[in-house]
Each structure stands twice: as C-alpha cells, then as structure tokens.
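**Student:** Task: produce atomic coordinates for the following.
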Amino acid sequence: MSISIAEDHTLLREGLKLLISSQPNWKVVADAEDGLEAIRLAQKHSPDLVLMDLSMPRMTGIDAIRKIKEELPQTKILALTAHETDEYILSTLTAGADGYVLKDANRDELLTAIRQVLGGRRYLNKGISGTTVDRLLDGDKASDIQSAWESVTQREREILKLVAEGHKNKDIADLLSISPKTVEKHRMNLMEKLDIHNAADLTALAAKKGLINK
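**Tutor:** Model (predicted):
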C-alpha cells in the first residue's frame, strides 16, 4: 500500500515515515510539509492513503483534503491532528476525510487507524463517538457551523492567513501578485461574511481554523 504524509513538523514527519515504512507491504511514496505540496504529491503519486495534518502553512489540511478528494476520490485520507473540537471533526469529515486520529494517540492506535481506513472503514479516535459524529453531520449544528465559513473563497482564506500573520495590505498584494485595492476588497468581503470587524478577531479566527499556529 502506498502512503503519503503531510505534516509540517520535520521531526514528527520523519518519525511517521519510519513507523509506516516498518510495516509489511506499506511504502511511503511522498512526504509534504504544507497543504499545497500535499495536493501536488497526491496528484503525482495517487497514493492509497494520505496521512494529513490539519494545521499547515500555505493551505490547511482541511482544504487540501477537499481538493484531493475532488481529484482522487479513491485515495483514502486519515486526518492526524491535535484538534478535537466538534467543529474540527465536522469540517474534516465533511471535506471528505475517511478517518480522524489525534496526535496523542499511541503507536498501536495510529497503525490500527491506518489499517482500518485502508480497508475501507471510517476510523474515529478513541473518545470520539460515531453516534455524535453522525449527529453532527446530519443535524442543524452542521449547517450553523459551516454556513458562514463555507462561503469564504480560497483567495479570502489566503488573505485571512496573511492578515493573521501580521502582513499589511501592500505586502499581501506583493505576495499574491494582486493590487492593494483587490486585497482590501477581499478583506472587506471576508469581514462582512463572517461578521468580524477588526484584525484581532480575524487573527483569532485564523488560529481556530488552523490557518496559523496558536
């Protein structure tokens, strides 16, 4: 089975490579340190499974999951994350992830999660109730949590991340090769959609969504 790893922390990524490579019939075909690279490598290798961190630079794991599933629906994706809130679980599974495991899981649980997802079954970290997840996915709470965020475009998410990192409009314009006026327009649209009215709240939201490290 071919496996790709997306994780921005080098030591953890290297440790995951060693663990996975030690298992019979498993091969790490690629490893990425951000969401965009994870997509590119998935397109190149079409792995059986992607082990995906959620909080990464350039593009979040959730957005990368959505893009990979659109292009490679047969590829299984197991989210590996420190986040265990309902919002993160919901966003990750609705993006198309096949499993959700926390970074404090032990070696055996992670290997079990990988095997289960490769076998075509959903895996949820110990302590996350399948009944609870089904309720989230089917219930009104899903709509409430997702509606505003789902309306935010990929460009607006990029700008949100850069604003949260402290970049000024001119710097963002240079980084994205667009005009400062366009940056300001996206920024205003973003704040209107999310009912946020200052940079501090934008930064808090970016951290909550995993766009930047808390």
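
**Student:** Check the residue nearest in space to the middle of the chain and give its pLDDT.
**Tutor:** In the chain, the C-alpha nearest the mean C-alpha coordinate belongs to residue 61, at 1.8 Å (C-alpha atoms, centre = their mean). Residue 61 carries a pLDDT value of 88.

**Student:** Kindly report the same for the one 3 residues further on.
**Tutor:** Note for residue 64: predicted pLDDT of 92.

**Student:** who touches the closest residue to it other than its chain neighbours in this structure?
**Tutor:** Once flanking residues are discounted, residue 64 sits nearest to residue 35: 3.7 Å by C-beta to C-beta, 6 or more residues apart in numbering. Every residue, glycine included, has its C-beta placed from N, CA and C. By C-beta atoms under 8 Å, 6 or more residues apart in numbering, the residues touching residue 35 are 6, 56, 57, 58, 59, 60, 61, 63, 64.

**Student:** do that again at 7 Å, thanks
**Tutor:** 6, 56, 58, 59, 60, 61, 63, 64 (C-beta atoms under 7 Å, 6 or more residues apart in numbering).

**Student:** still on that earlier bit, got phi/psi on the residue nearest to the centre of the chain?
**Tutor:** With angles defined as degrees, to the nearest 10, residue 61 sits at phi -60, psi -40.

**Student:** Where does residue 100 sit: helix, strand or coil?
**Tutor:** strand (DSSP: H, G, I helix; E, B strand; the rest coil).

**Student:** Wait, it touches residue 125, no?
**Tutor:** Yes. Between residue 100 and residue 125 there is a contact at 5.8 Å, judged by C-beta atoms under 7 Å.

**Student:** any idea how this protein splits into domains?
**Tutor:** Domain ranges of the chain: 2-140, 151-208, per automatic domain parsing.

**Student:** got the end-to-end distance for the last one?
**Tutor:** What it means is domain 151-208. 17 Å (C-alpha to C-alpha, to the nearest Å).

**Student:** same check, this time on stretch 89-106
**Tutor:** Distance between the two ends of stretch 89-106: 19 Å, counting by C-alpha to C-alpha.

**Student:** cool, stretch 77-87 as well?
**Tutor:** By C-alpha to C-alpha, the extent of stretch 77-87 from end to end equals 18 Å.
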